Every structure is written in structure tokens, then in C-alpha cells.
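Asker: no sequence on hand, only this structure:
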């Protein structure tokens, strides 16, 4: 069965009507992951766009067909460790343990518990949908926000122009844990993403699996909602978001970028980078090149 | 456990569903003559508004938010965004 | 019956292991660390079959436990001071999700100034986070209340987690003789864990902790407060059951000592109670009609029992090992006073504060409280807070 057949025959686990914005890649990623994992799943969605959009329910009504919990922003991986450990203890290691968390809950406040759970190699699949900021609360910067981005806490100003620091590359940091599986994925490369979620789920039965997914955000990044997939494609094509995975201790680049497009093409396709100078763009280009070179070195060893 | 006497905050009395169709200002309309049934529209629809039924891809409008991703991603340009006249 | 000489921390670890926990999570912190160490030894030697999770922080300790409880597991941990403070976020959520568990708080003073020593400021600071709290006097009571704790917390009318609070160093590192019940005896007393009111289970899917409107949230809070009130009865019931099985009773939420004919009453909490008992005996020898209330349960607060015990008395003082900022008094003093609002008695009363940051509360201190009570007992109203400390 190819990935399209899988997606068209698998049941949607999420409420059909949720208040994610038009063209939201977070919603797309959430639905796809849970379509692949199916009913035998427990999912944790910490505070962020997805939980804010109603997937953990409202009052007495739930937002999913599967058990769902909203942990704290800071403890998703450790909360799910406890659930996972109890299921192992009960002889129910077959149940998929999945976290779907934003970049704030992953790379900022939640990072300590995430790193702890990865170090303990807890059996779960942790997916970060990275929209590069606290989009649910009004587009504040996070540690994964790209340098030069306009956010509501790094506005464009006469004195200071957007975010001043480069983004934290959370996927590579996670891969340095002795975990079971680590990958990056993009909804634009759906076949690759589906394969990685499947592999991540299989590996999560043995230990900690982490997937970092880029989730372009039309509202926060300032582009038309119909361009979400195009933007994700450009992020991959420009090496702003290279696609790779690590398992059995080895790194693999899963989508080779023989002729990368200039990052400028990616950066200029949305409003959040509109105040970048040529120098800024040159620096971001350098960072993207370095990132890809590093990955290539890791993958060749 | 009877209704409304939950001890803990929990939700098990049906699904919380929003009327996201009402957000739409444009609706995607599929031109079946151009459609090659590749299924890319289904894979990219964030809402899962596109279904595969009787061997055909079809757009449903109960929850479609009208984002237009399907129209942009269709390799055959078989989907047009048409202004909403109101209703589902 | 098997009497063993052991520290409070060893006692807590053994008590927890006798209750057959499914999962223990722990992170070391002074003065709790040897609880975590001893439990590790039990697990690594194979004596205790539990999922033991050594996390990267107390925040994760409580989070892992919360996850296990959402899968129906019986859990245990212990912490102190700063660890409890770091844990506060999931700590509050544990109780408001109504997930039962027993957590020992090896009480420690809060920073600043920098300190690692005893004091009840940590536990007292979280007394409004929805947990049950019992403060114990000696190592035997640590053992007995951890076992009773599981019966109370998992009781269908309760389903609220419980803290068993014992004084850092004074009890945690003090060696006393403890009657250690056999596994068979504990098994006969404590039924296997069974609760599933909030469960993450693919066979019974629900959203646990959905986003909740104010009206519905208010309903949950009301239920939580009502369960707290019911817990007062459960405490007495479990105390009686325990006495029947093990021959030891603690009198429920409070214990009264020589209160019947007393004029003046000391109220003490935790390890200092033993000293207070001796001070009362010494005062009695001198013809002073002194009595003692050992305040055991702070949450739920035993309002009626306190009011009854103090009925007709002339004066009382509450000795706190922590402070209540803004009241110029100890926290339990303010609460004991609040419990008396419905009565007609005109008491003389004052707050006494001592034993902070590991300082001792000696017989001399307790005697000074009794002496002050004697001197003010015919002058109704509040008298100055008495600070139990050395003159510099």
C-alpha cells in the first residue's frame, strides 16, 4: 500500500471541526500522525495551537476518538513516560504513546523533561510541530524562531529589527541523545513524513523516537493560507529545513538536495522576514549551508 | 459514571465539533475532467475534507475552511477556488 | 511484629515498598535523598518489583507519576523544600485531577537565606494546592501513615493525593525503633489499587483534562472541597481500621493529650510534639493545668475537633515551625483561630514560632510557651508572637 492509499483508507482520529487557522500545517501534521497510528493510541497535546484549537475537547466533550490529555507546557515527555511505563507494566506495550507538541513545549519550557525522557530512552514517539513561535498566544518568539523573524516579542523597530539570535536546532540536539530514532520531516514531503512516522512508531516500542516537523503558519508567518505546502517545500529545497533521520546510531539524509535554491527565495515568500537586509540574508544563507554541511558530514560517517 | 458528576475533569460525552465551514469565503471546486485521481489534494488537505469514494477523490464541504491548498497543489490545476455564495 | 532500628527515611522507603507501588519516581534532595537511595537498593536487589523512574528533576517526578496514575497505577515519591517548589506546577494538577497517591514531604525550610535544614515552610506553603496533608511525630507514625495514606487517598469518597509530612533531619535522619509490619499484614489491610475515574485507555477513550469553562471548573472545585470534608470521616474510619489490624491508633485528625481538665493548651505539629508532651508533663508536675493538641491533619483542617478540644479553655498557643507572611504569626495559629470563630469563648492566645532552618525547639522553648500562657490566661485577646530563639 503506498502512502496515499494509506492516508485515504485510514480513519481520522481528530474532531472534524477544529479552530486551527486556514492552511494550518499543525492541523495537517496532527491528523496525519494519528491516522497512521490509529485507534490503539494514547496522545498528549500540550498547551499550544493544537490543544487551543479544540483537540483536547471542551468541558464534557472530547476532541478526539482516542484518549487524549493536555499535559503542562513543561512536562509532556515526562507525563507520557509515566503512562508508557504503566502500559509496559501491564503488558500493553502495543499501545502507541504519542506526543504532539509545538516548539515552545519542545525546545523551550518542555526541553528539560524532553531531554530527560530521551536520556531514559522512554518508549514513546514525540513529534514536534515547529511553527517557530508561540503562535497560539499571538506569535511570540521561541528558541526555534529563525534570526531576523518578526514576531510579537521581536517586532521590527528603529533600534532592534526582529529576532536577534539564530534558531536552536532542536532536532540535532535531540539526535545527540542515545535515543532510538530521530528524524526531521516536512508535510510537503508527505511520503517521507509518513514513512518516518511509521518508523518512529515502530522504534517507539523499543525506546524514544523524536520527529521534528516543520509547520509553516500562514497567520504568524504572514503568507496566504493556500501557500503552506509551497513554503514547506521551499524550506526543504533551500536547506533551511533539511530532511534526515538517525537510527541505529547512523545519520541519513533522506531527501538529497543536489541543487539547493537560495534561502532568499524561501525568506522572501512571507511577511515575517520582510525587513531582512542583504547582510541578514547572507548570514542566514551561511547558517543554512553550514547546517547542511554538518549533516552531510554526520551522514557520511 | 452518570452524567455531570465526573470526579475529575474529563470529557467523554461526544465530540466537540466546530462549524468551520462557516469560515469559508471561497470553496474549492473540482473539475473531474482534468482530475487524474493522483490523490495529492487528499494528502495535503489539513481538514481531511477530501475523501476517496467509489474510486474517485471528492471534496466535501461540511468542514472545509477554504484554505485553497488543494487548488495550489493540484498538479493538473483541476481545482478552482470559487467565491462562496453562503451556506454549506 | 518485628522492631527494627531505623531512620525516618528508611522507614518511609520500607513503608512505601510494603504498599506494592506500581511506579516510583524520585529525584534526590536534602534531606530526602536517602529515601530515593533506599528505594533504589530495594529495586536493584530485586526485593521490590516496581517501575522505578529516576528523573532529571522533581518537576518530572510528579509528571511521570501523574502519567502512571492516569493509567491506574499506585505511585509513591518523596521530596523536600526546593524540590517541592519546583514540583508545584504538576503538584497542583495532581490533586485537581483527583489522582490518588502518597507523597512524603521530608520538611525543609525554604530558601532564602540558603539553608538545607528542617522547617515546615515547604509543606505549609502548598497547603492550598488541594492535597491532603498529615504531619507526623515519629518514625513509627511515618510507617503507619504511609500505609494508611493509601487507604485514605484511594477511598472512593476521597480520591485526593496525600502528603505524609515529617521533619527533615529531626525524623528523616533520626534512628528509632519501628514496628515493621509484614508484607502479609499490609496486604490484608490494604486492598489492591483500583481507581479508573480518569483514565487514558484506548478501550475507553476520553479527553482527560479537557479545556474547561469557568462554570464547569467551579463544579469540579466544589466537588473537591466536598470530598475534603468527607475525608475527615474517612480519616477517623481508617484510623480505627488500622488500630484493629495493627494495634496502634493516632486519634484521627488530631490527638488530644491531657486536655480534659486543662486551662491552657499548646498546639503542636510534627516532630516537636514529643517535646511539647514532655513540657506539658513537667508543667503538670508544677501544678499548671496544661494540655496538648497534636495537630495531625492540616488538610482537611479539623475545624470542629479543634473547636471542641479548646472549648472552655482559657488560653492556647500554637507553635509553628514556619511563618505566615503578612500575619506576623505562624500559619497554623491563624487557622486554629479561624476554627474558633463560631464559639463564645474569649481566649487568650498567641502564636509561637521556632525551629526554623533547622533550629531546635527545646523543652525550654516549650516551657516558655507554657509560662507565657499561664501569665496571659486571664487577659483575653491576642498577645504578641513569641519567637523561640536564642538571644544574640
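Answerer: It's in. Not measured: the values here are computed from a predicted model.
Asker: the strands in the stretch 151-300 of chain C, which residues?
Answerer: Remark: strands assigned in the stretch 151-300 of chain C by DSSP state E, counting those that start in this stretch are C:162-167, C:175-179, C:207-208, C:254-257, C:264-268, C:290-295, C:297-299.
Asker: now do the same contact list for residue A:208.
Answerer: Applying C-beta atoms under 8 Å, 6 or more residues apart in numbering or on different chains, we find residue A:208 in contact with A:117, A:118, A:120, A:121, A:122, A:123, A:124, A:126, A:177, A:179, A:180, A:181. (C-beta placed from N, C-alpha, C; glycine too.)
Asker: counting contacts, what elements does the top helix by length along chain A pack onto?
Answerer: In chain A, with assignment by DSSP state H, the single longest helix is helix A:278-300. Packing partners of helix A:278-300 (3 or more C-beta pairs under 8 Å, 6 or more residues apart in numbering or on different chains; DSSP states H and E): strand A:250-253, helix A:263-267.
Asker: apply 10 Å and report the result again.
Answerer: helix A:170-175, strand A:244-247, strand A:250-253, helix A:263-267 (3 or more C-beta pairs under 10 Å, 6 or more residues apart in numbering or on different chains; DSSP states H and E).
Asker: any chance of the ones you listed in CSV, plus distance to chain B and mean neighbour count?
Answerer: Output for those, formatted as CSV (distance: least, C-beta to the nearest C-beta, whole Å; neighbours: other C-beta atoms under 10 Å in any protein chain shown):
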stretch, distance to chain B, mean neighbour count
helix A:170-175, 23, 22
strand A:244-247, 20, 22
strand A:250-253, 23, 15
helix A:263-267, 16, 20
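Asker: any chance of those in JSON lines with mean pLDDT and distance to chain C as columns?
Answerer: Below are these laid out as JSON lines (pLDDT from 0 to 100; distance: least, C-beta to the nearest C-beta, whole Å):
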{"stretch": "helix A:170-175", "mean pLDDT": "98", "distance to chain C": "15"}
{"stretch": "strand A:244-247", "mean pLDDT": "97", "distance to chain C": "22"}
{"stretch": "strand A:250-253", "mean pLDDT": "98", "distance to chain C": "25"}
{"stretch": "helix A:263-267", "mean pLDDT": "98", "distance to chain C": "35"}
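Asker: the stretch 151-300 of chain C: helices as residue ranges?
Answerer: Assigned by DSSP state H, counting those that start in this stretch, the stretch 151-300 of chain C shows helices spanning C:183-189, C:214-246, C:272-285.
Asker: and chain C, which residues reach chain B?
Answerer: Within chain C, the positions near chain B by C-beta under 10 Å from any C-beta of the partner chain are C:70, C:93, C:96-99, C:156, C:159-160, C:195-200, C:204-212, C:216-217, C:219-220, C:223-224, C:227.
Asker: which of these are buried, as a PyMOL select command?
Answerer: The PyMOL selection below is limited to those of the residues of chain C next to chain B classed as buried (16 or more other C-beta atoms under 10 Å in any protein chain shown):
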select buried, chain C and resi 70+93+96+97+98+99+159+160+195+197+198+199+200+205+206+207+208+209+210+211+212+216+219+220+223+224+227
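Asker: hmm, back to that, so which of the contacts of residue A:208 are in strands?
Answerer: Here DSSP state E is the test, and these give A:124, A:126, A:181 as lying in strands.
Asker: tell me where the chain has strands.
Answerer: Going with chain A. Going by DSSP E, chain A shows strands at A:41-44, A:68-69, A:96-102, A:124-130, A:181-185, A:208-214, A:244-247, A:250-253.
Asker: not what I meant, chain B
Answerer: Going by DSSP E, chain B shows strands at B:10-11, B:26-30, B:50-53, B:56-59, B:79-83.
Asker: quick one: buried residues of the fourth one?
Answerer: Neighbour-count burial for strand B:56-59 flags B:57, B:59 (criterion: 16+ other C-beta under 10 Å).
Asker: so does it get close to chain A?
Answerer: Yes: interface with chain A: strand B:56-59 contributes residue B:57 (C-beta under 10 Å from any C-beta).
Asker: please apply the same query to the last one.
Answerer: Yes: residues of strand B:79-83 are located near chain A by C-beta under 10 Å from any C-beta, namely residue B:81.
Asker: how far off centre is that strand?
Answerer: Here the centre of strand B:79-83 is set off from its chain's centre by 14 Å, with C-alpha atoms, centre = their mean, to the nearest Å.
Asker: list the pairing partners of that strand within its sheet, with orientation.
Answerer: Under the criterion DSSP bridges, strand B:79-83 sits next to strand B:26-30 (antiparallel) in its sheet.
Asker: ok, now the fourth one?
Answerer: The sheet places strand B:56-59 alongside strand B:50-53 (antiparallel), with pairing taken from DSSP bridges.
Asker: ranking the helices of the stretch 151-300 of chain C by burial, who's on top?
Answerer: helix C:272-285 (a mean of 20; mean count of other C-beta atoms under 10 Å in any protein chain shown).
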